[in-house]
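A.B. asks: can't give you the sequence, but here's the structure:
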């Protein structure tokens, strides 16, 4: 069976279409130039969990201790342009724990040494006091970030009572995957043309046409390898979290260059 393609003039055999698509032989002085490039599209939306904590001798004081880190969180989110609707408060928890108190007490010299040669103890020694109750308040917020590149800035606000944690699993995604891929493909083509122009200029040539285009497997380069090892560090892994799931496309193009 012969496959036929619909053209403006009607149906043409596939074999004929293939024959007419063959590239013309290079003219004298023309050179073929093969270029491969890779472009990426980083997810534009991500989820983050921000956890704030507070302590106090009572439940009320523990909850009140959340006010300062919450204010700091909201200040940072406001600077990053995170809207109120993208900040969802999760259920609050208050836990009670028992903490041992250690106090220093004076040691009375031992005066009843008698005829024995002994030294009186002086100074202070620690004594464990009865345990006391401490209340721990915890508050979590689910944050939707439409600018994932702000993770490094958001991490800068972390402190003793405030932690930023990427959501486990599929925490990043594209609001429009098709559009993201189209942009990555367009970027790959533009980079390939720029690279071809660079090689042509070095030879005193110019790009005259394109002979062949195909998709190519994205190359693993040295920055990618270094980034993989950097992910072993927890801090780097947290800040690089939003690169996970990055869409990468590759393109291979055969240009023809000729003397100017």
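C.D. replies: Yep, it's here. For clarity, every value in this text was computed on a predicted model and none was experimentally measured.

A.B. asks: just checking, residue 256 touches residue 208?
C.D. replies: Yes - Residue 256 lies in contact with residue 208 (CB atoms under 8 Å); the separation is 5.3 Å. For the C-beta atoms, the positions are set from N, CA and C on the backbone; glycine is no exception.

A.B. asks: Pull up the overlap in contacts between those two.
C.D. replies: Residues touching both residue 256 and residue 208 (CB atoms under 8 Å, 6 or more residues apart in numbering) are residue 30.

A.B. asks: which of these two has more neighbours?
C.D. replies: Set residue 256 next to residue 208 and count neighbours by other CB atoms under 10 Å: residue 256 wins out with 21 against 14.

A.B. asks: Sheet-wise, list the partners of the helix or strand harbouring the more buried one with their directions.
C.D. replies: Per DSSP states H and E: residue 256 is located in strand 247-259. Strand pairing for strand 247-259, determined by DSSP bridges: strand 31-41 (antiparallel), strand 205-215 (antiparallel).

A.B. asks: JSON lines for these, including mean pLDDT and distance to residue 141?
C.D. replies: Converted to JSON lines, these look like this (pLDDT from 0 to 100; distance: least, CB to CB, whole Å):
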{"stretch": "strand 31-41", "mean pLDDT": "92", "distance to residue 141": "28"}
{"stretch": "strand 205-215", "mean pLDDT": "95", "distance to residue 141": "41"}
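
A.B. asks: surely residue 144 meets residue 50?
C.D. replies: No - counting by CB under 8 Å, residue 50 is not a contact partner of residue 144; they are 11.7 Å apart.

A.B. asks: which of the strands paired with strand 247-259 is buried the deepest?
C.D. replies: strand 31-41 (a mean of 17; mean count of other CB atoms under 10 Å).

A.B. asks: next helix or strand past that one?
C.D. replies: strand 45-56.

A.B. asks: ok so, going back, and the strand holding residue 256, what's buried?
C.D. replies: Buried residues in strand 247-259, counted by 16 or more other CB atoms under 10 Å: 247, 249, 250, 251, 252, 253, 254, 255, 256, 257, 258.

A.B. asks: Could you tell me the average pLDDT over it, please?
C.D. replies: In this model, strand 247-259 has an average pLDDT of 93.

A.B. asks: remind me which residues of the stretch 51-200 of the chain are low pLDDT?
C.D. replies: For the stretch 51-200 of the chain, the stretches with pLDDT under 70 are 94, 96-132, 148-149, 166-171.
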